[in-house]
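Enquirer: Structure, please.
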Amino acid sequence: MTAAPPRPAAPRTGSLRARRVGLVAALVVAIVALCLLSLAVGANPIPLRLVWTAIVSPTDSDADTVVRTLRMPRTFLGVVVGIALGMAGALIQGHTRNPLADPGLLGVEAGAAFLVVLGISVLGVTNLYGYVWFSFVGAFAASAVVFAVGAAGRGGATPVTLALAGVAISALLGSFTSAMVLSDAATLDAFRFWAVGSLAGRDATIAVDVAPFLAAGVLLGLINAPGLNLLALGEDVARGLGTNLTRVRWTGLAAITLLTGSAVAACGPIAFVGLIVPHVCRAVTGPDQRWLVPASGLAGAVLLLTADVIGRVVVRPGELEVGIVLALVGAPFFVALVRRRRMASL
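Expert: Presented below is the predicted three-dimensional model:
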């Protein structure tokens, strides 16, 4: 009779913590490096020494003007929107316990798109500043409706009912949006510019407008992370440990809506960030949401800045929108990731 093969040893707590700290440190360093690269790369490349001069001791040179008025707001927006989408992806996957969930599952993106189209076609809104607030209101309204529908049953809001309600509301709002867009060519032209997902053309005003909402979403997301660890044990266990499930879910809903609504309002729908980065970070941090949620935010900023820099280089002197870059890179990457995980589990 042959002996059973030995079980692999569980990772030591110290080594796991070292990996987590190392990941966070590496992501912070990557963000700093990408910020400098984002300030230097463009249709008119600027040497790093002139970028540094523009940051610490600006003058009235053309390089300083480009860096401070055009590229710094864009880079800042890329960082905060990437953090928002990455954290929102980790939170929505934790709440629904669905590894394929993304921030749009609660109807946030569909609600934002619907109200933007409504503002364009009915009220004649034609500028980004108007899109921001219509998008924000639509995101909040749609997520509130999804939660209300998902909580209407006898068992209240559960991961399954929230996911089903999100899919249903998103499909309904998507059909309304398509009907309005297809019936009006002018609305279609204006909507396409917003819906492609881009950091270009956004100045400091938009970044400042959405920053307080993003900051509130980040704070609520960090507060919500420990509750997700308890939810992962099962609702009965979490309730037995004294967890207020309603409070945890409402906090998570508010965080996801603030993060995704702000990001979509500022830059339009940007896919794959909230879907991919939690998977990559989970391979290092493990399932502990206290590390996964902030690490996913930092990784989201790295991914979004990288895509934005690539978009400025590949079709120079033109520019490829960040939403298109992420679609081209993110889809095959995610397919490869899913196939690898499936092979590893066989």
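
Enquirer: Which parts of the stretch 51-200 of the chain are helices?
Expert: Along the stretch 51-200 of the chain, counting by DSSP state H, counting those that start in this stretch, helices occupy 62-65, 72-96, 108-123, 128-150, 159-183, 185-195.

Enquirer: Pull out the buried residues from the fourth one.
Expert: Of the residues in helix 128-150, those buried by neighbour count under the rule 16 or more other C-beta atoms under 10 Å are 128, 131-132, 134-143, 145-147, 149-150. To be clear about C-beta, it is placed using only N, CA and C from the backbone, and glycine gets the same treatment.

Enquirer: Tell me, please, where in the protein the pLDDT is lower than the cut-off.
Expert: 1-13, 128, 153, 155-157, 190, 194, 337-338, 340-346 (pLDDT under 70).

Enquirer: name the element the closest residue to residue 258 other than its chain neighbours belongs to?
Expert: Closest residue in space to residue 258, ignoring its immediate chain neighbours: residue 217 at 3.2 Å, by C-beta to C-beta, 6 or more residues apart in numbering. Residue 217 is part of helix 204-231 when elements are defined by DSSP states H and E.

Enquirer: List the contacts of the helix or strand just after that helix.
Expert: Using DSSP H and E, the next helix or strand after helix 204-231 towards the C-terminus is helix 235-240. Helix 235-240 is contacted by residues 158, 230, 231, 245, 248 when judged by C-beta atoms under 8 Å, 6 or more residues apart in numbering.

Enquirer: Please tabulate those in TSV, including the columns distance to residue 268 and neighbour count.
Expert: Shown next, in TSV, are the contacts of helix 235-240 (distance: C-beta to C-beta, whole Å; neighbours: other C-beta atoms under 10 Å):
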residue	distance to residue 268	neighbour count
158	31	18
230	35	19
231	31	23
245	34	16
248	30	19
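
Enquirer: Just flag the most distant two among the residues you listed.
Expert: Farthest pair in the contacts of helix 235-240 (C-beta to C-beta) is 158 and 230. Separation: 15.2 Å.

Enquirer: Excluding sequence neighbours, find me the nearest residue to the most centrally placed residue in the chain.
Expert: Central residue of the chain (C-alpha atoms, centre = their mean): residue 85, 1.1 Å from the mean position. Take residue 85 and drop its neighbours on the chain: the residue closest to it by C-beta to C-beta, 6+ apart is residue 273, 4.0 Å away.

Enquirer: what number of residues lie near the one you found?
Expert: For residue 273, the number of neighbouring residues by other C-beta atoms under 10 Å comes to 31.

Enquirer: and it, what is it in contact with?
Expert: Applying C-beta under 8 Å, 6+ apart, we find residue 273 in contact with 82, 85, 86, 89, 300, 303, 304, 326, 330.

Enquirer: separation between the last one and residue 124?
Expert: Computed with C-beta to C-beta, to the nearest Å, the distance linking residue 330 and residue 124 is 34 Å.

Enquirer: These two: who's more crowded?
Expert: residue 330 (19 against 11).

Enquirer: Could you pull up the contacting residues of the more buried one?
Expert: By C-beta under 8 Å, 6+ apart, the contact set of residue 330 is 271, 272, 273, 275, 276.

Enquirer: Residue 142 now?
Expert: Neighbours of residue 142 in contact, by C-beta under 8 Å, 6+ apart: 106, 107, 108, 110, 111, 112, 114, 169, 170, 173.

Enquirer: one step back: what's the most buried one of the helices of the stretch 51-200 of the chain?
Expert: Compared across the helices of the stretch 51-200 of the chain, helix 72-96 shows the largest average neighbour count, a mean of 27 (mean count of other C-beta atoms under 10 Å).
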